[in-house]
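Colleague: test case, fold it:
(one chain, ligands or ions: 1)
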Amino acid sequence: MRPVIIAANWKMHTTPADAADLATTIAGRTNVGDVVRVICPPFVCLAAVRAALAASPAGQGVGVGAQNIHHELSGAFTGEIGAPMLVGLADWVIVGHSERRRDAGETDELIGAKLRRALEVGLRPILCVGEQLAEREAGTAEAVVGAQLAGSLAGFAEDPGALAAAGLVVAYEPIWAIGTGRTARGVDAAAMAEAIRAAISGLGPGFAALAPDLPVLYGGSVTTASAGEFLAEPAIDGALVGGASLKIEEMAGIVARAGLTAAARRAAAGARG
Ligand code: 13P
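Modeller: Below you'll find the predicted structure:
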């Protein structure tokens, strides 16, 4: 049974002063059984969010994630953050977000190096993939995403089991749906989630072993109103939420909907014995 995960990507929003309050309030309003919750604030807010969640009874079950890491562990990289610096501050890390592919020129190879750094320090990675609108319209979305996966996971050919051990999560975020108010259709996102598992399976036997249990999230304008469309799909295991994740009522609604999916999965697993 795959977990149901709701991850909040706060992007470049909040300050240390307001992030702590927002995180604890969201934690208190989303305390739904069986849903894995993660909040990814900006780097400078990690310590405040971490401390606030640890100090609040409702915050205990909420994971904290970074939005990025450097592809080297340390070195002369002015202004960058290496994975070892996050130990004790974060449990999760987003890698390969399309905004970083776009704005920082991140390549699949570089993203693969970031994945390796995440694993080296015990951060649980959320690997983002997704196609441009023109690619979807040209019918190449699955090929594009497959190439992103092959490129970023190539460095794990010798030890794909390390990805499973680290609890790799993939987030399918069609670029045309991010911050646009436009969402993919649930059926299309579900088909892509299965295509992602198939593409990873195709990378080799060790990858095939991890693919069935790989959580795949959908991201792109997820709100309380649209969450059900994705969370009703058995192939989709949650959401990576951007803009709506800064809004308490939205997060409450999205996690409540995720709780229904988690409960249904638990009941189905129980019935199967
Ligand atoms: P929005 O939910 O704002 O579209 O952002 C999605 C996203 O990029 C999450 O990582």
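Colleague: what's the burial count for the closest residue to the ligand within the chain?
Modeller: Among the residues of the chain, residue 242 lies closest to the ligand, at 2.1 Å counting by CB to the nearest ligand atom. Heads up, the C-betas are built off the backbone N, CA and C, glycines and all. Neighbour count of residue 242, defined by other CB atoms under 10 Å: 21.
Colleague: ramachandran angles for it?
Modeller: When read as degrees, to the nearest 10, the backbone of residue 242 gives phi -100, psi -100.
Colleague: contacting residues for the closest residue to it other than its chain neighbours?
Modeller: Spatial nearest neighbour of residue 242, chain neighbours left out: residue 9 (5.2 Å); criterion: CB to CB, 6 or more residues apart in numbering. By CB atoms under 8 Å, 6 or more residues apart in numbering, the residues touching residue 9 are 40, 67, 94, 97, 219, 240, 241, 242, 245.
Colleague: could you dump those to CSV with secondary structure?
Modeller: Below are the contacts of residue 9 laid out as CSV (DSSP: H, G, I helix; E, B strand; the rest coil):
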residue, secondary structure
40, strand
67, coil
94, strand
97, coil
219, strand
240, strand
241, strand
242, coil
245, helix
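Colleague: would you format these as TSV with pLDDT included?
Modeller: As requested, the contacts of residue 9 are exported to TSV (pLDDT from 0 to 100):
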residue	pLDDT
40	99
67	98
94	98
97	98
219	97
240	98
241	98
242	98
245	98
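Colleague: now, of those, which are buried?
Modeller: With burial judged by 16 or more other CB atoms under 10 Å, the buried subset of the contacts of residue 9 is 40, 67, 94, 97, 219, 240, 241, 242, 245.
Colleague: and the helices in the stretch 51-200 of the chain?
Modeller: Assigned by DSSP state H, counting those that start in this stretch, the helices in the stretch 51-200 of the chain fall at 98-103, 108-121, 133-137, 141-153, 160-166, 186-201.
Colleague: pull out the buried positions in the fourth one.
Modeller: Spelled out, it's helix 141-153. Using 16+ other CB under 10 Å as the burial criterion, the residues of helix 141-153 that qualify are 141, 142, 144, 145, 146, 148, 149, 150, 151, 152, 153.
Colleague: quick one: contacts for the nearest residue to residue 215 once chain neighbours are set aside?
Modeller: Counting by CB to CB, 6+ apart, residue 215 lies nearest to residue 237, which is 4.1 Å off, once chain neighbours are set aside. With contact set as CB under 8 Å, 6+ apart, residue 237 has these partners: 2, 3, 4, 5, 169, 193, 215, 216, 217.
Colleague: who wins on neighbours among the residues you listed?
Modeller: Result: residue 4 is most packed of these (other CB under 10 Å), 28 neighbours.
Colleague: go ahead and confirm it touches residue 265.
Modeller: Yes - counting by CB atoms under 8 Å, residue 265 is a contact partner of residue 4 at 6.9 Å.
Colleague: need the overlap of contacts for these two.
Modeller: Contacts common to residue 4 and residue 265, judged by CB under 8 Å, 6+ apart, are residue 34.
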